[in-house]
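>>> below is the structure, and that's it, no one-letter string:
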Ligand SMILES: Cc1ncc(COP(=O)(O)O)c(C=O)c1O
Ligand SMILES: N[C@@H](CCCC[NH3+])C(=O)O
């Protein structure tokens with residue numbers, strides 16, 4: 001997390017992010033909206049998402065696969081960004097949803113996504129969640145263990161309705177990403193071990209009458225920035241498909257998961273066309289319907305977290321203390337992740353830069369957004385934007401230290417709207433009760 005000479009300086013962060021510009025009077029703009037106006041009217045911290053960026057990235061993803069003529073259905077990974085407005089925008093482009101809980105399933109439905117466009121992944125699905133999936137006849141349940149497979153079969157039999165199922169393979173492939181967001185290694189809790197798939201698939205397809213076994217699913221991890229893990233994972237998947245077919249079993253569909261990474265700092269971020277090429281070369285001739293579950297690539301660059309500087313604390317180090325904390329954006333504390341930081345005040349390319357540790361107000365030493373970051377000189381009251389926070393940002397926030405959840409705003413062209421009100425302390429206290437014996 002230590003800044004180095006190779007860190008992009010603030011101005012250069014703008015060059016690869018067309019949704020932002022600097023207006024000499026209004027400062028940092030997202031699309032045609034001055035972010036300072038939002039901060040002034042709605043307060044900070046606030047999440048702001050650019051609808052145009054989300055839409056363009058979603059379309060770029062689709063285009064890459066269309067160019068390869070691959071029959072594919074996209075399911076946005078709701079865990080990355082679960083706001084109804086984002087899900088609705090994506091639904092209008094033809095995206096379905098990839099959900100990992102009953103909550104996400106019902107959010108997707110509330111956004112008008114049809115059950116037949118919803119896949120349900122995740123390592124711990126309750127009976128109630130699976131019953132709802134069965135009664136809705138969703139696109140498929142990605143089953144993560146033999147135990148879950150048998151339980152789902154029983155639930156389907158007792159409801160009198162078959163459920164479409166894919167077996168999630170754990171291919172034991174290293175995604176080459178942060179250890180905490182790798183999911184496809186044998187030691188990870190996700191998926192069914194590679195060597196157990198064929199006997200289990202056979203049993204499921206030939207004996208478990210509550211299930212319609214349509215194929216396989218795989219998800220290797222998140223923030224994947226080279227083609228190698230995908231190549232290795234999909235080649236293994238293709239081998240299993242061939243073995244299953246040799247054993248006279250039917251494979252109709254493959255769900256290739258998500259995971260495509262973005263450029264937060266200096267990473268050589270891949271494009272969806274890379275993923276389309278790898279899928280074309282590894283799975284393209286298997287005559288299967290394909291599904292993908294992208295999350296981060298669509299949503300992360302579309303969103304920011306707006307925050308205000310509470311104090312500048314000077315000493316051996318300069319601390320810029322902001323009003324957003326790890327309770328809002330937990331990624332730096334949790335994964336040592338790097339987020340670009342831009343001041344909202346207009347600044348010129350040759351503005352002199354100063355080193356700051358940018359920290360939040362939370363009583364944890366890990367509540368640090370950036371160490372030794374070069375920024376134009378900052379003052380109390382200044383506003384800053386944490387970039388690339390549209391995925392795994394608002395969805396992971398908490399009310400630690402009794403900080404209410406931040407507001408959410410959507411921007412499109414010159415319009416903006418509050419899409420989630422700022423939570424209040426009353427909202428938090430409303431659900432708390434005193435036990436009778438403590439009431440005075
Ligand atoms: C099963 C599954 N699908 C899709 C995703 C989305 O991943 P990403 O946001 O990296 O595209 C995840 C998250 O890692 C996941 O666990
Ligand atoms: N929350 C992680 C991604 C996890 C993806 C879900 N398996 C992040 O912020 O990078």
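Okay, I see it. Source: prediction; values computed, not measured. Numbers count the residues shown, from 1 in each chain. Ligands and ions are numbered 1, 2, ... in the order given.

>>> contacts only, for the residue nearest the centre of the chain.
What sits nearest the mean C-alpha location of the chain, by C-alpha atoms, centre = their mean, is residue 80, with 2.3 Å. Contact partners of residue 80, counting by C-beta atoms under 8 Å, 6 or more residues apart in numbering, are 295-296, 298-300, 391-392, 395. Using the backbone N, CA and C atoms, a C-beta is placed for each residue, glycine as well.

>>> contacts with ligand 1 among those, please.
Restricting the contacts of residue 80 to those near ligand 1 by C-beta under 6 Å from any ligand atom leaves 295-296, 391.

>>> OK, contacts around the closest residue to residue 43 other than its chain neighbours?
Once flanking residues are discounted, residue 43 sits nearest to residue 422: 6.6 Å by C-beta to C-beta, 6 or more residues apart in numbering. With contact set as C-beta under 8 Å, 6+ apart, residue 422 has these partners: 42-43, 46, 404-407.

>>> in strands, which of the residues you listed fall?
When those are checked against strands (DSSP state E), the matches are 46, 407.

>>> now which of the contacts of residue 422 would you call buried?
42, 46, 405-407 (16 or more other C-beta atoms under 10 Å).

>>> which single one of the residues you listed is nearest to residue 357?
Nearest to residue 357 among these: residue 406, at 21.7 Å, using C-beta to C-beta.

>>> circling back to that earlier point, so which of the contacts of residue 80 comes closest to residue 260?
Of all the contacts of residue 80, residue 296 has the smallest distance to residue 260: 7.1 Å, by C-beta to C-beta.

>>> what about the longest strand seen in the chain and ligand 2, touching?
Longest among the strand segments of the chain by residue count, using DSSP E, is strand 303-313. No. Residues of strand 303-313 contacting ligand 2 under C-beta under 6 Å from any ligand atom: none, with a closest distance of 12.4 Å.

>>> cool, and stretch 165-172?
No. Stretch 165-172 lies out of reach of ligand 2 by C-beta under 6 Å from any ligand atom, never closer than 12.5 Å.

>>> please compute how far that stretch lies from its chain's middle.
Remark: stretch 165-172 is offset 20 Å from the chain centroid, using C-alpha atoms, centre = their mean, to the nearest Å.

>>> just the residues contacting that stretch, thanks.
With contact meaning C-beta under 8 Å, 6+ apart, stretch 165-172 is reached by 119, 121, 140-144, 149, 152, 184-186, 188, 190-194, 197, 200-201, 204, 211-220, 232-233, 236-237, 240, 253-255.

>>> in strands, which of those residues appear?
Judged by DSSP E, strands contain the following of these: 119, 140-143, 192-193, 211-217, 253-255.

>>> going through those, which ones are buried?
Neighbour counting with 16+ other C-beta under 10 Å marks 119, 140-143, 192, 211-217, 253-255 as buried within those.

>>> and which of those is nearest residue 435?
residue 141 (40.0 Å).

>>> show me what the nearest residue to that closest one once chain neighbours are set aside is bridged to.
Sequence neighbours aside, residue 120 is the residue nearest to residue 141 in space, at 4.8 Å (criterion: C-beta to C-beta, 6+ apart). The partner list for residue 120 in beta bridges (DSSP bridges) reads residue 99, residue 141.

>>> what is the burial count for residue 120?
Look at residue 120: counted by other C-beta atoms under 10 Å, it has 27 neighbours.

>>> next: residue 15.
9.

>>> can you check residue 420 too?
Using other C-beta under 10 Å as the criterion, residue 420 is surrounded by 17 other residues.

>>> show me which residues of the stretch 301-440 of the chain are close to ligand 1?
Going by C-beta under 6 Å from any ligand atom, the residues of the stretch 301-440 of the chain near ligand 1 are residue 391.

>>> next to ligand 2, which bits of the stretch 301-440 of the chain? Give me the list.
331, 335, 392.

>>> among the contacts of residue 80, which one lies nearest to ligand 1?
residue 295 (2.7 Å; C-beta to the nearest ligand atom).

>>> wait, isn't that closest one in contact with residue 82?
No. Between residue 295 and residue 82 there is no contact under C-beta atoms under 8 Å: 10.1 Å.

>>> residue 155 versus residue 165, what's the distance?
In this view, residue 165 and residue 155 are 12 Å apart by C-beta to C-beta, to the nearest Å.

>>> more neighbours: those two, which one.
Higher neighbour count among residue 165 and residue 155: residue 165, with 25 against 18, using other C-beta under 10 Å.

>>> now what about stretch 82-98, what contacts it?
With C-beta under 8 Å, 6+ apart, stretch 82-98 has contacts from 49, 51, 54-55, 58-59, 62, 73-79, 104-105, 107-108, 110-114, 117-119, 121, 139, 258, 293, 295, 298-299, 394-395, 408, 410, 419-420.

>>> anything in that stretch near ligand 1?
Yes. Judged by C-beta under 6 Å from any ligand atom, stretch 82-98 comes into contact with ligand 1 at residue 98.

>>> show the pLDDT at the residue of the stretch 1-150 of the chain found nearest ligand 1.
Ligand 1 sits closest to residue 77 of the stretch 1-150 of the chain, with a gap of 3.4 Å, by C-beta to the nearest ligand atom. At residue 77, the model reports a pLDDT of 98.

>>> cool, and residue 10?
The per-residue pLDDT reported for residue 10 equals 86.

>>> my read: it touches residue 370, true?
No. The criterion here is C-beta under 8 Å, and residue 10 misses it with residue 370 at 11.5 Å.

>>> follow-up on the earlier one: can you confirm the residue nearest to residue 43 is in a strand?
No. Going by DSSP: H, G, I helix; E, B strand; the rest coil, the assignment for residue 422 is coil, not a strand.

>>> contact residues of the stretch 51-200 of the chain facing ligand 1?
Taking C-beta under 6 Å from any ligand atom as the contact definition, the stretch 51-200 of the chain meets ligand 1 at 77, 80, 98, 121, 183.

>>> with that, I have no additional questions.
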